[in-house]
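**Student:** Structure, please.
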Amino acid sequence: MTLTTTDIEDLRTAKALLEHPGLAARISNALGSPIERGFDMLPKSWNSAVMGAARKAIEGALHVALHTLDHARATGPANRLHKLAVGTTGAAGGAFGLAALAVELPLSTAIMLRSIADIARSEGEDLRSVDTRLQCLQVLALGGRAAGDDAAETAYFTARAAMAKAVSEAARFLAQQGAVQQGAPVIVRLIAQVASRFSVTVSQKVAAQAVPVLGAVGGALVNTVFIDHFQDMARGHFIVRRLERRYGPDEVRRVYNEIAARR
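**Tutor:** Residues are numbered from 1 along each chain as shown. This is a model prediction of the structure:
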């Protein structure tokens, strides 16, 4: 099947969302200054602290994905409500800096995952499916490019391909076992891969909140941009998946690449 004109426009929208400026650029635009200054202000241990917090956040998000997302709201996405909630948690990050990350990030991530699930449902996803819930979790890995990712227009598909095996193995394991087994290799690999990519955007968020003059108000603003970034990634990702269900992955990617070639 060939995509209709309407579906091509939807795919064009998805591509724009998936390839908009990264989080660092969006935060810099919101604050009116680059975030590099924040990186210089972070303590030497910031990298390990961010990775630890990111992993803890993804572990918590996996629990949310597997145990609560099927009860998510059946109406349209509550994007504004989720932004308000995440902005509120960001105020703590702006006020207390890196010390608050271990508490603030898991809470913010859980709220973001609920928002991602709302968006997934609005694009026709069945949240009763383990695969769909893991796709919601995977969105958190799509927001930051890992070292070695293509910088070209196929970066979205490169990231999906990098995650595909871990997601499919985890989905198969969970379908067979019916519950998460702590320390199961497939679950450990999934959490590690998502956390590694998620930490890229978390580090940018932390750097922005490290600037002392921002304070709680700036922290709330940074977190609002943070969730807005992932809401856009979720919308783009689940538009692509909706079209793939109708036309097949190969045809959707072919048209996606054609759209990219015309820019």
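
**Student:** and the residue nearest the centre of the chain, what pLDDT?
**Tutor:** Against the mean C-alpha coordinate of the chain, by C-alpha atoms, centre = their mean, the closest residue is Leu140 at 2.4 Å. Per-residue pLDDT puts Leu140 at 94.

**Student:** now the chain, which segments are flagged as low pLDDT?
**Tutor:** For the chain, the stretches flagged by pLDDT under 70 are 33, 70-99, 144-154, 178-182, 211-219, 263.

**Student:** show me where it has helices.
**Tutor:** Secondary structure of the chain (DSSP state H): helices at 5-18, 23-31, 36-41, 46-67, 79-96, 101-122, 130-142, 155-177, 185-209, 215-247, 249-261.

**Student:** The last one - contacts with which helices or strands?
**Tutor:** When contacts are defined as 3 or more C-beta pairs under 8 Å, 6 or more residues apart in numbering; DSSP states H and E, helix 249-261 sits against helix 5-18, helix 215-247. To be clear about C-beta, it is placed using only N, CA and C from the backbone, and glycine gets the same treatment.

**Student:** Between helix 5-18 and it, find me the angle.
**Tutor:** Here the directions of helix 249-261 and helix 5-18 differ by 70 degrees (axes from the mean of the first three to the mean of the last three C-alpha atoms, to 10 degrees).

**Student:** can you state the direction angle for helix 249-261 and helix 155-177?
**Tutor:** When the same axes, to 10 degrees is applied, the directions of helix 249-261 and helix 155-177 differ by 160 degrees.

**Student:** thinking again about what came up before, highest mean neighbour count out of the helices and strands packed on helix 249-261?
**Tutor:** Across the helices and strands packed on helix 249-261, the average number of neighbours (mean count of other C-beta atoms under 10 Å) peaks for helix 215-247, which reaches a mean of 21.

**Student:** what packs against it?
**Tutor:** When contacts are defined as 3+ C-beta pairs under 8 Å, 6+ apart, helix 215-247 packs onto helix 5-18, helix 23-31, helix 79-96, helix 101-122, helix 130-142, helix 155-177, helix 185-209, helix 249-261.

**Student:** any idea how far Glu36 lies from Val103?
**Tutor:** Counting by C-beta to C-beta, to the nearest Å, the gap between Glu36 and Val103 amounts to 26 Å.

**Student:** With neighbour numbers in mind, choose between those two.
**Tutor:** Regarding Glu36 and Val103, a neighbour count based on other C-beta atoms under 10 Å identifies Val103 as having more, with 15 against 10.

**Student:** picking up where we left off before, which one, of the helices and strands packed on helix 215-247, ends up nearest to Leu42?
**Tutor:** Nearest to Leu42 among the helices and strands packed on helix 215-247 is helix 185-209 (6.5 Å), distances taken as C-beta to C-beta.

**Student:** In that closest one, which residues are buried?
**Tutor:** Neighbour-count burial for helix 185-209, counted by 16 or more other C-beta atoms under 10 Å, picks out 186-187, 190-191, 193-209.

**Student:** hang on, the earlier thing: dump the helices and strands packed on helix 249-261 into CSV; add distance to Ala120 as well.
**Tutor:** What follows is these, written out as CSV (distance: least, C-beta to C-beta, whole Å):
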stretch, distance to Ala120
helix 5-18, 13
helix 215-247, 5
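
**Student:** neighbours of Gly183, just the number please.
**Tutor:** Neighbour count for Gly183, taken as other C-beta under 10 Å: 7.

**Student:** Relative to Ala234, how far out is it?
**Tutor:** According to C-beta to C-beta, Gly183 and Ala234 sit 29 Å apart.
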